[in-house]
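A.B. asks: Pasting a predicted model and its sequence here:
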Amino acid sequence: MTKNIFFRSYGNGFPLLIFHGFLGNSDQWIETGKHLSSHFKVIIPDLPNHGNSFHTENLKTEEIVRFLYDFVEELNVEKMIVLGHSWGGKLAMKLVHDHPCKFSKLIVVDISPKAYSSNHTWEKLLQIFNELQNQHFRSFGELESFLKNSGLEPWERYLLIKNFERKEGAIHCKSNADILIRDFPEIQKEIPFAHPINIPTLFLKGELSNYISDEETISLKDKFPFVQLKTVSHAGHSPHLENTAEFLKTLKDFLEA
């Protein structure tokens, strides 16, 4: 493989590829992967600039998707299903749009193709992520204490901690922090469509999330003629973590249809 993409794999059935979201990594999807492994070969990479995968010089969607397609090609399978959460959902949409013959189904979790504007939550999160690059921690306990004092919500602390590892007696950032912070506007851009995606598609949104508005659900039909939209109750932007049981049931119903 020309670029080192770390991935986890579970099961031996029909291939199902899962892309995590921005600042996440593959281990957030281990429970889902193991649950589906009795019927699918689940492949969960760390996206470029995240986790244990290679770093790039930017976060441009076209470039990241080219790397991901190279990864897909090296898996040497005729067809597969792809699921993407948040930014991973945008990458999944672009990947299927550019290479429609390679995929049989698409699942997009709590994101739409539209452009998103910045908000206070992400601005604060990235500001603290940037501050962490100049801090020195000897343990994850020290890192957790720092984040608690920063006033972050538990899910925000969890997300940032996933970008660090213990190495040589200290806590180090393993993601490509400089690029992730600098190029955050890249991931907010709209995914352009030259043609519709004509495969069965499921959009899964959290009931408490505002990432997919009611108005958008109508326009999705133009880009995804075979779309279904399902809502996971009592869940926000990460329904796979916030209401795992309902998320998995809804996902399995679509996969097995």
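C.D. replies: Sure thing, it's come through. Nothing here was measured: the structure is a model prediction, and the numbers come from that model. Residues are numbered from 1 along each chain as shown.
A.B. asks: ok but Lys205 is inside a helix, no?
C.D. replies: No. With DSSP: H, G, I helix; E, B strand; the rest coil as the criterion, Lys205 is strand rather than part of a helix.
A.B. asks: and it, how many residues sit next to it?
C.D. replies: Lys205 has 25 neighbours, counted by other Cβ atoms under 10 Å. In this view, the C-beta of every residue, glycine as well, is placed from N, C-alpha and C.
A.B. asks: so it sits right up against Ser233, yeah?
C.D. replies: No. Distance between Lys205 and Ser233: 10.7 Å, which falls outside the contact criterion (Cβ atoms under 8 Å).
A.B. asks: now the spatially most distant residue from the centre of the chain, nearest residue through space, not along the chain?
C.D. replies: Relative to the centre of the chain, and counting by Cα atoms, centre = their mean, the farthest-placed residue is Gly169 at 29.9 Å. Of all residues not flanking Gly169 in the chain, Arg138 sits nearest, at 7.0 Å (Cβ to Cβ, 6 or more residues apart in numbering).
A.B. asks: What does that neighbour show for phi and psi?
C.D. replies: Phi and psi for Arg138, reported as degrees, to the nearest 10, are phi -90, psi -20.
A.B. asks: The one 3 residues further on too?
C.D. replies: Note on Gly141: its backbone torsions stand at phi -60, psi -40 [degrees, to the nearest 10].
A.B. asks: could you pull out the helices for the protein?
C.D. replies: For the chain, the helices defined by DSSP state H occupy 30-36, 61-74, 87-98, 120-132, 140-149, 154-161, 177-182, 184-187, 214-223, 239-242, 244-255.
A.B. asks: For the ones you listed, please prepare JSON lines with the additional fields distance to Pro48, mean pLDDT and mean neighbour count.
C.D. replies: Shown next, in JSON lines, are the helices of the chain (distance: least, Cβ to Cβ, whole Å; pLDDT from 0 to 100; neighbours: other Cβ atoms under 10 Å):
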{"stretch": "helix 30-36", "distance to Pro48": "20", "mean pLDDT": "97", "mean neighbour count": "18"}
{"stretch": "helix 61-74", "distance to Pro48": "6", "mean pLDDT": "97", "mean neighbour count": "17"}
{"stretch": "helix 87-98", "distance to Pro48": "10", "mean pLDDT": "98", "mean neighbour count": "24"}
{"stretch": "helix 120-132", "distance to Pro48": "17", "mean pLDDT": "94", "mean neighbour count": "15"}
{"stretch": "helix 140-149", "distance to Pro48": "24", "mean pLDDT": "95", "mean neighbour count": "14"}
{"stretch": "helix 154-161", "distance to Pro48": "18", "mean pLDDT": "94", "mean neighbour count": "16"}
{"stretch": "helix 177-182", "distance to Pro48": "9", "mean pLDDT": "97", "mean neighbour count": "16"}
{"stretch": "helix 184-187", "distance to Pro48": "12", "mean pLDDT": "96", "mean neighbour count": "17"}
{"stretch": "helix 214-223", "distance to Pro48": "25", "mean pLDDT": "89", "mean neighbour count": "12"}
{"stretch": "helix 239-242", "distance to Pro48": "21", "mean pLDDT": "96", "mean neighbour count": "22"}
{"stretch": "helix 244-255", "distance to Pro48": "25", "mean pLDDT": "98", "mean neighbour count": "17"}
